[in-house]
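1. just the structure for this:
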Amino acid sequence: MGWKANMTNLGSRRREQVSQPIARDVSGTRGLLDRKDLLQLLDRAVSKRLTIISAPPGSGKTSLLRAWAERSGKLRRVAFVSVERDQQNEQRFWCAVLDAIRGPARTTAACEAPTAVPDVDHVVDSVLSEIAGHAGLVVLIIDDLHELRSTDALTQLEYFLANL
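-> Numbers count the residues shown, from 1 in each chain. A predicted model of the protein is given here:
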């Protein structure tokens, strides 16, 4: 089983491909991936505005990102959002992003009330404000972004990336 990560910095359109070796010398783990190199690659990727990880289903992308987030959480704020399958609601998506950025200690008043329909553009601006107001580096991981089916949410994501 091999693993390949395509790391893309959209700002420079530079693409770097890294093949991940399979661990050979670890007793009892024959055939398991040695992820140390990939974790180090992710450590370096935080200097970029955007990093995309692409690999076949079941190859361990989510596990890798969670392991990296747990390891890196002491050095920087890591917000992890998993997009639900066939997510079509942009409000739900952006409220999840805002909640992840704010962390478990803070609630999102704009997204709490089930009867209130938050202004999505306001929520996107709140996400940008939260990131700008954070003292240290903030890393947002959006897992399964390909499941986001809302064209409005994708347009708002473009706005978000352009205004980071």
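
2. any idea how far stretch 119-127 is from the middle of the chain?
-> 18 Å (C-alpha atoms, centre = their mean, to the nearest Å).

3. I meant to write stretch 52-60 there.
-> 13 Å.

4. and for stretch 42-56?
-> 9 Å.

5. i'd like the first residue to be 13 from this point on
-> Fine by me, first position is 13 from now on; the one you just mentioned is stretch 54-68.

6. can you give me the strands in this structure?
-> Taking DSSP state E to define them, one finds strands in the chain at 15-21, 26-32, 89-94, 150-155.

7. and the last one, what does it pack against?
-> Contacts defined by 3 or more C-beta pairs under 8 Å, 6 or more residues apart in numbering; DSSP states H and E place strand 150-155 against helix 73-84, strand 89-94, helix 102-114, helix 132-145. No exception for glycine: its C-beta is placed from N, CA and C like everyone else's.

8. and the residue nearest the centre of the chain?
-> The residue lying closest to the centre of the chain (C-alpha atoms, centre = their mean) is Ile153, at 1.3 Å.

9. okay, the helices and strands packed on strand 150-155 in TSV with mean pLDDT next?
-> TSV is the format used below for the helices and strands packed on strand 150-155 (pLDDT from 0 to 100):
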stretch	mean pLDDT
helix 73-84	89
strand 89-94	92
helix 102-114	93
helix 132-145	90
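
10. ranking these by burial, who's on top?
-> Most buried of the helices and strands packed on strand 150-155, by mean neighbour count (mean count of other C-beta atoms under 10 Å): helix 102-114, with a mean of 21.

11. and that one, what does it pack against?
-> In terms of contacts (3+ C-beta pairs under 8 Å, 6+ apart), helix 102-114 is packed against strand 89-94, helix 121-124, helix 132-145, strand 150-155, helix 163-174.

12. ok now it, how far from the chain's centre?
-> Its chain's C-alpha centre lies 12 Å from the corresponding centre of helix 102-114 when counted by C-alpha atoms, centre = their mean.

13. stretch 104-115 now?
-> With C-alpha atoms, centre = their mean, you get 12 Å for stretch 104-115.

14. what does stretch 88-103 give?
-> For stretch 88-103 - counting by C-alpha atoms, centre = their mean - the centre lies 8 Å from the chain centre.

15. ok, and what's touching that stretch?
-> 58, 74, 77-78, 81, 84, 104-105, 108-109, 112-113, 115, 123, 129-130, 132, 135, 146, 148-162, 164-165, 168 (C-beta atoms under 8 Å, 6 or more residues apart in numbering).
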